[in-house]
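Asker: Next one to model:
(one chain, ligands or ions: 1)
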Amino acid sequence: MDWYPRHRRDLPWRNTRDPYAIWLSEVILQQTRVKQGLPYYLDFITSYPTVQDLAAAPQDEVLRHWQGLGYYSRARNMHHTAQQVAGEYNGQFPGSYTELLKLRGVGQYTAAAIASFAYDEKVAVLDGNVFRVLARVFGVTQDIAAPASRRTFQQLADTLIPADQPAEFNQAIMEFGAIQCTPAKPDCLFCPLQTECYAFQHGMVQELPIKSKAKAARTRYFHYLVLRHNDTLYMRKRGPKDIWEGLYDFALQETDSAELPAAFIVDTVEGLGGNVATNQVEEPTTAMRHILSHQKVEARFHHIWLSEPLTPEAAVAAGLVAYSAHEIERLPKPIIISNFVSNIRF
Ligand code: SF4
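Answerer: Below you'll find the predicted structure:
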């Protein structure tokens, strides 16, 4: 608490008590670090100054603003929550931790952050930074990835948080973890907690917190058929139950390896009712890689020029729509698709 006022970063969401702005910042900061998240926050709060504005926006537009942050289900949940607040709660965020938990996509962390920052409710936040600081300072050796450990850490944090300054305390411990007691190189030499820090005193700074390893990510091989006709590209909106729901990509074939038989492309296009012009199937691009939390995507793009457009029936059956460059720019896309499209010459 003494350290915080002298070291805190001046961030826009710290100068407000508006639960909407605080919620927005927390949803974004769960995805990324402060530096990368700041432009997204400013973009969202400018584009949608109130929860009603966000609720009324088309989902595609919201996903487009979110583009690059990844984990798009968060953006969809965020949009849904905005609609819930605007509709069921008359545009007012619920006024307590317990009530906030009833909102979709609002978990314990976000509810605690909003309740303490906006309403000064005495409820301790637990995020990765807080887990790390507590594990090191108090020498907690429980696995922070195990759900059962949460109660231990929550009880500990609850004993520390002062009733008269809960918001300041939560901000302080999170900021302390973010800039002083960092994961790889904590600044122990100039740390005010050095003499009482269990990890420092016992030479365990690099060992704490204990976190079990996540399962190895599996690799998925995506072969994109980039069907082109005149100045348009055929794209489709991705469906549920897989990554990138609601974002746009191309006709896709997923395989177990990097290889895709050449005949397959021609067969697929003919099956779609398109005519592949002679010599107009290019070699695939070199693989572009994208790492998600539990999987790696290795994508190759096969440019295919169609001499005729797809028949309307075939396009509908495959969920494909021809878009111009201008239209594509406005569609929400996975970053790997966005990067690919930005290098295309129309
Ligand atoms: S002494 Fe090091 S490990 Fe302990 S709280 Fe300070 S920065 Fe963190």
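Asker: Output the below-cut-off pLDDT ranges for the chain.
Answerer: 262, 276-284 (pLDDT under 70).
Asker: Pull the distance from stretch 88-98 to the chain's centre.
Answerer: Averaging C-alpha positions (CA atoms, centre = their mean, to the nearest Å) puts stretch 88-98 24 Å from its chain's average.
Asker: Would you check that my belief about residue 257 contacting residue 223 is correct?
Answerer: No - Residue 257 is not in contact with residue 223 according to CB atoms under 8 Å; the separation is 10.3 Å. For every residue, glycine as well, the C-beta is placed using N, CA and C.
Asker: of these two, who's got more company?
Answerer: Neighbour count, other CB atoms under 10 Å: between residue 257 and residue 223, residue 223 has more, with 22 against 8.
Asker: Now do the contacts for whichever residue of the stretch 1-150 of the chain sits closest to the ligand.
Answerer: Nearest to the ligand, among the residues of the stretch 1-150 of the chain, is residue 136, at 4.1 Å (CB to the nearest ligand atom). Residues near residue 136 by CB atoms under 8 Å, 6 or more residues apart in numbering: 181, 186, 197, 198, 199, 200, 204, 205, 208, 209.
Asker: For my notes, confirm it occurs in a helix.
Answerer: Yes - under DSSP: H, G, I helix; E, B strand; the rest coil, residue 136 falls within a helix.
Asker: Determine the number of other residues adjacent to residue 314.
Answerer: 16.
Asker: again but with residue 15, I slipped
Answerer: Neighbours of residue 15 (other CB under 10 Å): 9.
Asker: Same check on residue 225?
Answerer: Other residues close to residue 225 by other CB under 10 Å number 24.
Asker: swap in residue 252?
Answerer: 12.
Asker: Relative to residue 322, how far out is it?
Answerer: 17 Å (CB to CB, to the nearest Å).
Asker: Close to the ligand: what parts of the stretch 101-250 of the chain are there?
Answerer: Within reach of the ligand by CB under 6 Å from any ligand atom, the stretch 101-250 of the chain has these residues: 136-137, 180-181, 186-188, 191, 193-194, 197, 199-200, 205.
Asker: Out of the residues you listed, which end up buried?
Answerer: Buried by 16 or more other CB atoms under 10 Å: 136, 137, 180, 181, 186, 191, 193, 197, 199, 200, 205, out of these.
Asker: pretty sure the fifth one is in a strand, no?
Answerer: No - for residue 186, which was evaluated using three-state DSSP, the result is coil, with no strand membership.
Asker: And the strands in the chain, which stretches?
Answerer: 218-229, 232-237, 248-249, 251-255, 276-281, 288-291, 295-306, 320-323 (DSSP state E).
Asker: among those, which is the most enclosed?
Answerer: Stretch with highest mean neighbour count among those: strand 248-249 (a mean of 22; mean count of other CB atoms under 10 Å).
Asker: Break this structure into its domains for me.
Answerer: 4-201, 218-342 (automatic domain parsing).
Asker: What is the end-to-end distance of the longest one?
Answerer: So that's domain 4-201. 23 Å (CA to CA, to the nearest Å).
Asker: May I ask which two of the buried ones among the residues of the stretch 101-250 of the chain next to the ligand are separated the most?
Answerer: 180 and 199 (13.1 Å; CB to CB).
Asker: do you know how far the closest residue to the ligand within the stretch 201-346 of the chain is from residue 193?
Answerer: Per CB to the nearest ligand atom, residue 205 is where the stretch 201-346 of the chain lies closest to the ligand, at 4.5 Å. Between residue 205 and residue 193 the distance is 12 Å, computed by CB to CB.
Asker: And residue 270, by the same measure?
Answerer: Separation of residue 270 from residue 193 (CB to CB) stands at 68 Å.
Asker: Equivalent analysis for residue 183, please.
Answerer: Counting by CB to CB, the gap from residue 183 to residue 193 is 16 Å.
Asker: Sounds good, over and out.
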